[in-house]
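Peer 1: I'll drop the sequence and a predicted model, then ask my questions.
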Amino acid sequence: MFDPNELSIEMVQILDENGGGDEAKIAAFSDDWLLNAYKAMRRARVIDERLLRMQRQGRIGTYAPFSGQEAAQVGSALALRNDDWIFPSYREVAVCLLQGMPLEQFFHYVQGRLSGKRMPDGVNIFPTQIIIAAQTLHAVGCAWASKLKGEPHVSVAYFGDGATSEGDFHEAMNFAAVYNVPVIFFCQNNQYAISVPYAKQTASRTIAQKALAYGMKGVLVDGNDVLAVYETMKQAVDAARRGEGPMLIEALTYRLGPHTTADDPTKYRRPEEVEAWRRKDPLHRVRVLLARRGLWTEAQEEAFVAEVNAEVTAAYEAAIASPSGSIADVFDYVYSEAPKLLAEQKAEVMRRKQAKGVK
Amino acid sequence: MAELTMIEAINEAMRQEMERNSRVIVLGEDVGENGGVFRATDGLLEQFGPDRVFDTPLAESGIIGTSIGLAINGMRPIAEIQFLGFVYQAMDQLAAQAARIRFRSGGRFSCPIVVRSPYGGGVRTPELHSDALEALFTHSPGLKVVMPSNPYDAKGLLISAIRDDDPVLFLEPMKLYRAFRMEVPEEPYTIPLGQARVVKEGEDLTIITWGATVPLVTKLADEMRTKGIDAEVIDLRCLQPLDIDAILASVEKTGRVMIVHEAVKTSGFGAEVAALISERALFALSAPIVRVAGYDTPYPVPSVEDDWLPNPARIAEGIETLLRY
């Protein structure tokens, strides 16, 4: 008999919430690496907070904030090559920015412009997935193709704790292990699927242990520790690239904000719980470490935040200044060539526009 | 020229496309060692090996979802859904994912997958093995829907589907897999997707049909001729893209229209065809359009399926109604 309660799963952590921890491992991270990781997280936080405010001001549409999850996203993305394949859900903005999504592009997306749908050529990020866990299968298929073609790319499926209840997640894990493809299942367990807490989502003590059932390696990592996330992801990615197959990573973290700008988390979370997680803020502990090494001052922080704010403003203004697209454009990317009846519908739209004197 | 059954023609089309393009792969339940439950993929594993032909885990959403990932990263997957009634398990991956990849990526990605699936009744199957579900897919923009009715068309249409850059549902009437043989050229050839075929020319009425019911309708039309009724039979072959011109040309000639399909009547694709005719050729009609289709129930049990499906008696009655005007 197998008793899951006897399973021992330790969470990988290098940098604890106070900026201390495994000093030998911490020492192995260079000043440059730490500064780079911190700046990426700080940039992500500033962007996230600005986007949230802009939504409240009616400048962008519905938005799914990720504050609190910067270490999980930045740490995992830093372990990737920029030609690896990313299959994101709607909360992976920091990952996408690091993998080459221009910030202006994201504004096109959250403003509901057709142009927001197309990633620049060469940026291997799949369109943002709305259906929970559907992208896990796409990541497996993509990795499978890389393996069949003998190409060295790794595919990463990003998803949350709620996605692990979906059938597609299980089918994806199973296919990935059966075909031993270079895919990483990167779960940000932020402990809530909109309002439903982890304990109502699964009776499994960890998500990481779900890997066992598929004959796959799994690991639980402190998702608020960018060092541990990076190291864990690097091991998984290197192994996958060597042909050693898939891995499931559970990054334990917390969504400090609402699910999206359309909900009110005070309805389903106690303030003390949120406060407790604020003390585990992924940026704070790196900031402490940088201060310990004398790498980052308050003045540098202020200057950097101002720089990112200016970048956000510029990207937003560039987005709203660009053509907003037209209803006529929706017909162009349904088929490789529009079938006759669809072409007629487009012609009808064009005729109506011309009659109104609109371009 | 070889005389092939439809299943042999389908097998030959896949074999030749796999020989032509090393990116074409086959995946599905029992498609490898077993060669498919109907033998559509017979011999492909032996010829192309385990890196081209995959017996997948038993998971329809998994088959389609991984095919999407394979396709966007350069492969040309031919996925088999063992029976079309099982496709509900994969509906999100087909209608919400594969169909929208091009749109959702602003044209950056395409999704060239072919989903082959046997469908159709009259073969005494267990539940959910016989359903004709084509309208689910014609209602999902981004998908193409092809439904062959004979060996020659099956080969040419399947080769076109495999070379097509959009996701194609290729629905194979299982009753016709081995129903008859037909001369099929050995060399690869294509039939463009979106071209209907006039099976029989006629002056008195037009019968529009596709897939499983084409041979039945054609045979009846032949019998009608001996009674002095001259029916034109149109096999749509593709529902998306639809050959609207072929439909209108025939309707304008005969002025009387019957639509025959196995799928349930309400919201079946026949309703779309009837609506298009009424929008574009109403005044060419001398009689109301008649539809002969499956009844609006779940596909029934074998003991009564012959009465449920479009059959000679129901079609003959429809023709009588049409000619009364």
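Peer 2: Cool, got the structure.

Peer 1: could you say what helices and strands the longest helix along chain B packs with?
Peer 2: Longest helix in chain B by number of residues, with DSSP state H as the criterion: helix B:6-20. In this structure, helix B:6-20 makes packing contacts with strand B:24-28, helix B:44-48, helix B:151-163, strand B:168-173, strand B:182-184, judged by 3 or more Cβ pairs under 8 Å, 6 or more residues apart in numbering or on different chains; DSSP states H and E. In this view, the C-beta of every residue, glycine as well, is placed from N, C-alpha and C.

Peer 1: Now that helix: buried residues?
Peer 2: Buried positions in helix B:6-20, judged by neighbour count with 16 or more other Cβ atoms under 10 Å in any protein chain shown: B:6-18.

Peer 1: ok so, going back, make a markdown table from the helices and strands packed on helix B:6-20 and add mean neighbour count to it.
Peer 2: As requested, the helices and strands packed on helix B:6-20 are exported to a markdown table (neighbours: other Cβ atoms under 10 Å in any protein chain shown):
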| stretch | mean neighbour count |
| --- | --- |
| strand B:24-28 | 25 |
| helix B:44-48 | 16 |
| helix B:151-163 | 25 |
| strand B:168-173 | 27 |
| strand B:182-184 | 17 |
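
Peer 1: Of all the ones you listed, which one comes closest to residue B:300?
Peer 2: Closest of the helices and strands packed on helix B:6-20 to residue B:300 is strand B:168-173, at 17.9 Å (criterion: Cβ to Cβ).

Peer 1: what is the orientation angle of that closest one with helix B:151-163?
Peer 2: With axes from the mean of the first three to the mean of the last three Cα atoms, to 10 degrees applied, the angle from strand B:168-173 to helix B:151-163 works out at 160 degrees.

Peer 1: one step back: and for the longest helix of chain B, what's in contact with it?
Peer 2: When contacts are defined by Cβ atoms under 8 Å, 6 or more residues apart in numbering or on different chains, helix B:6-20 is touched by residues B:4, B:24-26, B:38-44, B:47-48, B:52, B:78, B:116, B:148, B:150-152, B:154-156, B:158-159, B:162-163, B:172-173, B:176-179, B:182, B:184, B:186, B:188.

Peer 1: Tell me the spacing between the residue nearest the centre of chain A and chain B.
Peer 2: For chain A, residue A:92 is the residue whose C-alpha lies nearest the centre (Cα atoms, centre = their mean; 2.2 Å). In this view, residue A:92 and chain B are 16 Å apart by Cβ to the nearest Cβ, to the nearest Å.

Peer 1: That residue: what's its closest spatial neighbour, skipping adjacent residues?
Peer 2: Nearest residue to residue A:92 in three dimensions, chain neighbours excluded: residue A:158, at 4.7 Å (Cβ to Cβ, 6 or more residues apart in numbering or on different chains).

Peer 1: Surely residue A:16 and residue A:285 touch.
Peer 2: Yes. Using Cβ atoms under 8 Å, residue A:16 is in contact with residue A:285, at 6.8 Å.

Peer 1: what touches both of the two?
Peer 2: Going by Cβ under 8 Å, 6+ apart, residues that sit against residue A:16 and also against residue A:285 are residue A:225.

Peer 1: For those two, indicate the residue with more neighbours.
Peer 2: Taking other Cβ atoms under 10 Å in any protein chain shown, residue A:16 and residue A:285 do not tie; residue A:285 has more neighbours (24 against 17).

Peer 1: Run through the neighbouring helices and strands of the helix or strand that one falls within.
Peer 2: For residue A:285, the host element (DSSP states H and E) is helix A:282-292. The elements that helix A:282-292 packs onto, with contact taken as 3+ Cβ pairs under 8 Å, 6+ apart, are helix A:31-56, helix A:70-78.
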